[in-house]
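Q: what follows is a predicted structure for the sequence shown.
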Amino acid sequence: SMVKLGRGLFTAKDVIDMETQILTSMNWCVHPPTPICFMRQFLRLLPSKSSVARYIVVEVSRFISEITTCLYKFVSYPSSVVAYASMLIAMERIDALTLTVRERELFMQAMKDCTGLQTMSDIVLQAVRDLRQSLENNVNLTDLLETIDAHCQTRQVADNATNMSSCKANRGLDSPRDVSDVI
C-alpha cells in the first residue's frame, strides 16, 4: 500500500486527501472504461463453455472495438453499448453448433437483467448498424475470421474442462480483472 511505501511519513488519510485533491483538480476527468473493459466483464455472462466460441467473441469484439476508437461517429455511444454491439456482431459469425441458439438467448437475457442493455433497444440496434456499416466500408472482417479459424484449427482446440485449449489460454484475458472463468 501507499502508506507502507511511505515508511511512516504519511497516513492513509493523507493518501486519500491527496487523491481527492488530484481528482478534484482534474475535474474527475480520468480514464473511462473502454469497450474492451466492458467486453471482459460481459464475457462472464456468456454461458457457452466452448473455448472456440469465447475466443471468437473476444477476438472479433476486440478487433471491432479497436476500429471504433478511430471513427468519430462512435464517440456518442457509451462504451458499454459499443462492447455489446461488437459482441452481438461477433456472435453472428459463430455457427449454431459452436454457440447454440439457447446460449445466445441466455446471454442476451443476462445482459438485459444485469446491465439493462436490451438487444432490441434503439441505441443497441443503431450501434450494430453503424458498426456493420463501418466494417463494410473500412475492413475485411472475413480475413480476421479466417485467421482466427486457422489458429483454432492448427491448435486443435479441445472443448472440455480437463484439457484447456490453446485458444482459451491465449485469449489475452489473463488480467486479474478478468473473472470470466468464474461462471
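A: It's in. If you're wondering where the values come from, they're calculated on a predicted model, not measured in any experiment. Numbers count the residues shown, from 1 in each chain.
Q: nearest residue to Val128 in space, ignoring adjacent ones along the chain?
A: Closest residue to Val128 apart from its sequence neighbours, by CB to CB, 6 or more residues apart in numbering: Ala85 at 4.6 Å. In short, each C-beta sits where N, CA and C put it, glycine included.
Q: got phi/psi on the one you found?
A: phi -60, psi -40 (degrees, to the nearest 10).
Q: how many residues are close by Lys49?
A: The number of residues packed near Lys49 is 12, by other CB atoms under 10 Å.
Q: the nearest residue to Val30 once chain neighbours are set aside sits in which helix or strand?
A: Nearest residue to Val30, sequence neighbours excluded (CB to CB, 6+ apart): Leu23, at 6.9 Å. Using DSSP states H and E, Leu23 maps to helix 12-25.
Q: now that helix: average pLDDT?
A: Here helix 12-25 scores 91 as its mean pLDDT.
Q: same question for stretch 81-99.
A: For stretch 81-99, mean pLDDT is 92.
Q: gap between stretch 54-65 and the chain center?
A: The chain centroid and the centroid of stretch 54-65 are separated by 7 Å under CA atoms, centre = their mean, to the nearest Å.
Q: swap in stretch 102-110?
A: Offset of stretch 102-110 from its chain centre (CA atoms, centre = their mean): 16 Å.
Q: which parts of it are buried?
A: By 16 or more other CB atoms under 10 Å, the buried positions in stretch 102-110 come out as Glu103, Arg104, Phe107, Met108, Ala110.
Q: do stretch 108-128 as well
A: Using 16+ other CB under 10 Å as the test for burial, stretch 108-128 gives Met108, Ala110, Met111, Thr115, Leu117, Thr119, Val124, Ala127, Val128.
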